[in-house]
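Visitor: for reference, the sequence and a predicted model appear below.
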Protein chains: 2
Amino acid sequence: MAQAQALSRNQQIVLNIIEKAKGPLKAYSILFNVQKKGINAPQQIYRALDKLIEMGKIHKIESKNAFVACRSSDCEISKATAFSICESCETVDEISDTKLSKYLSGFNHKKGMKFKRFNLEFFGICKKCKKD
Amino acid sequence: MAQAQALSRNQQIVLNIIEKAKGPLKAYSILFNVQKKGINAPQQIYRALDKLIEMGKIHKIESKNAFVACRSSDCEISKATAFSICESCETVDEISDTKLSKYLSGFNHKKGMKFKRFNLEFFGICKKCKKD
DNA sequence: TAAAAAGTGTTATATTATAACAAACGTTAT
DNA sequence: ATAACGTTTGTTATAATATAACACTTTTTA
Ligand SMILES: [Zn+2]
Ligand SMILES: [Zn+2]
Ligand SMILES: [Zn+2]
Ligand SMILES: [Zn+2]
């Protein structure tokens, strides 16, 4: 069993903020939130984000350039991610659906390319927003 | 049958460049390529790109901030897109697989959100790059 | 033909992300 | 312990991506 990787100081600070957040956070919004902790430059944020993504602790929502904490425990490496995104309130949920994940992981392209990783983003209007 | 929408001058110029390209193009690379045609500002590019996306003529590859022409004729509105992306040579192919598309269009989130649209990006190493 | 809608040109600015370099820190191997 | 190595940090600067705002023109619709 691979030893769970320890987080460095900056990585831990950034992860804490993302985990506490209700929704996806942008890099610069994270930056503004940690200036009191002595982190002053974008680089410091982006470096932490890169490592956290590698470790599977967070994911990037590509369509929003924003970052969310991983909630699904089994994506230790971010190689099969799926999200549901509300176009009205911007809520993002990580979808962990075994069938979906298996279906896509097993998907083979006609042109013979073997996939290592995928990212899927669904868009719609969430239940809560539909009521309004 | 809905009348195919005519393109404005700038939209046509931008679309031509993207269609001629072998791979995804970035907005500013498009801009540099059309300065001889009198287009000088990012806004003009982004406005054209936005409309072309709405019409389904092009798609944005979110993980690369780049744009490709639609090759699959049946996505008149870009509501169900899937791409295969080589992490080595950066080649991008639009996947038009009816089964995949149906499977995903019919996918329903546990939380009851009805999806209007999705975008799927697969990553791997293409056949050609594997040989090297 | 007047009003409305879509498109254009332009300047300025906001937002997102990386380059490059020197110093500090944490491991491991003599 | 200490040298050597890789990783993390701090910092300044800059690159790349994208939008705001405003005045004007063209096209469509009524
Ligand atoms: Zn996850
Ligand atoms: Zn919502
Ligand atoms: Zn298409
Ligand atoms: Zn390749």
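Guide: Noted; the coordinates are in hand. Numbering: from 1, shown residues only, chains lettered A, B, ... in the order given. Ligands and ions are numbered 1, 2, ... in the order given.

Visitor: got the contact list for residue A:28?
Guide: With contact set as Cβ atoms under 8 Å, 6 or more residues apart in numbering or on different chains, residue A:28 has these partners: A:42, A:45. (Each C-beta comes from the backbone N, C-alpha and C, glycine too.)

Visitor: so what's the residue nearest the centre of chain A bridging to?
Guide: With distances taken as Cα atoms, centre = their mean, the residue of chain A nearest its centroid is residue A:59 (1.7 Å). For residue A:59, the beta-bridge partners are residue A:68 (DSSP bridges).

Visitor: show me which residues of chain A sit near DNA strand D.
Guide: When proximity is defined as Cβ under 7 Å from any atom of the strand, chain A approaches DNA strand D at A:8-11, A:38-44, A:47-48, A:51.

Visitor: can you pick the most crowded of those residues?
Guide: residue A:48 (26 neighbours; other Cβ atoms under 10 Å in any protein chain shown).

Visitor: for that residue, report the pLDDT, please.
Guide: Per-residue pLDDT puts residue A:48 at 98.

Visitor: how near is it to DNA strand C?
Guide: Using Cβ to the nearest atom of the strand, to the nearest Å, residue A:48 is found at 11 Å from DNA strand C.

Visitor: contacting residues around that residue?
Guide: Counting by Cβ under 8 Å, 6+ apart, the residues that residue A:48 touches are A:8, A:10-11, A:13-15.

Visitor: one more: residue A:123?
Guide: A:63, A:85-87, B:115-119.

Visitor: got JSON lines for the residues you listed, with secondary structure and pLDDT too?
Guide: As requested, the contacts of residue A:123 are arranged in JSON lines below (DSSP: H, G, I helix; E, B strand; the rest coil; pLDDT from 0 to 100):
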{"residue": "A:63", "secondary structure": "coil", "pLDDT": "98"}
{"residue": "A:85", "secondary structure": "strand", "pLDDT": "97"}
{"residue": "A:86", "secondary structure": "strand", "pLDDT": "95"}
{"residue": "A:87", "secondary structure": "coil", "pLDDT": "93"}
{"residue": "B:115", "secondary structure": "strand", "pLDDT": "94"}
{"residue": "B:116", "secondary structure": "strand", "pLDDT": "93"}
{"residue": "B:117", "secondary structure": "strand", "pLDDT": "94"}
{"residue": "B:118", "secondary structure": "strand", "pLDDT": "97"}
{"residue": "B:119", "secondary structure": "strand", "pLDDT": "97"}
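
Visitor: ok, of these, which come out buried?
Guide: For the contacts of residue A:123, a burial check counting by 16 or more other Cβ atoms under 10 Å in any protein chain shown picks out A:63, A:85-86, B:115, B:117-119.
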